[in-house]
Structure formats: structure tokens, C-alpha cells
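**Q** Sequence and computational prediction follow.
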Amino acid sequence: MDLAKFNKLRARSFNDQKSLLKKIAKGQTVLCSKCNQAIALNVAVKEGEKAYAKCQKGCTYIELDVA
């Protein structure tokens, strides 16, 4: 695989995920592209827990680094 092509795909994926998270954070309903279920945001409450956004089936799962 061409490295430039790989980097372009990776950047597009990152930007798509960032856009999805912004919409969810604004309170908009975003549906999973595979199962059409709503994607929910779960913010880490306790130390050691991970924050994530996922659909009910788990097809979409985005783990977040929270500082």
C-alpha cells in the first residue's frame, strides 16, 4: 500500500470520527452506519474508566482519551 494513500485514509477516518463526536456532544442524534442504532456518548466518571461513544450493538466504538 502506498504510504501517502494510507495517511490520507487515516486522516479522513480521524476527521469523520471527530465530526461524529462533535454532533453527539451537541445533542444531535447520530446513527451507526452499519446497524442504524443511535450512538451514545459515555463520559468517564471515575478514574481509570474510559470515555467512549458506541451504538447498542457495538459496531461503532470510539474510545476517547480524556485528560
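**A** Arrived safely.
**Q** residue boundaries of the strands in the protein?
**A** With strands called from DSSP state E, the chain shows them at 40-42, 51-54, 61-64.
**Q** Among these, show me which one is buried the most.
**A** strand 51-54 (a mean of 17; mean count of other C-beta atoms under 10 Å). In short, each C-beta sits where N, CA and C put it, glycine included.
**Q** roughly how far is that strand from the heart of the chain?
**A** Centroid displacement of strand 51-54 relative to its chain, using C-alpha atoms, centre = their mean, to the nearest Å, is 7 Å.
**Q** go on, stretch 50-67?
**A** 6 Å.
**Q** wait, which of the strands of the chain is closest to Asp2?
**A** Nearest of the strands of the chain to Asp2, taken as C-beta to C-beta: strand 61-64 at 26.3 Å.
**Q** Distance check, the closest residue to Cys32 other than its chain neighbours against Lys23.
**A** Counting by C-beta to C-beta, 6 or more residues apart in numbering, the nearest residue to Cys32 once its immediate chain neighbours are dropped is Cys55, at 3.8 Å. Per C-beta to C-beta, to the nearest Å, Cys55 is found 14 Å from Lys23.
**Q** Compare these two (neighbour count), which wins?
**A** Cys55 (19 against 13; other C-beta atoms under 10 Å).
**Q** how much space is there between the more buried one and Leu9?
**A** Cys55 is 22 Å from Leu9, by C-beta to C-beta.
**Q** quick one on the thing from earlier: would you format the strands of the chain as JSON lines with distance to Asp2 and mean pLDDT included?
**A** Below are the strands of the chain laid out as JSON lines (distance: least, C-beta to C-beta, whole Å; pLDDT from 0 to 100):
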{"stretch": "strand 40-42", "distance to Asp2": "35", "mean pLDDT": "91"}
{"stretch": "strand 51-54", "distance to Asp2": "30", "mean pLDDT": "92"}
{"stretch": "strand 61-64", "distance to Asp2": "26", "mean pLDDT": "91"}
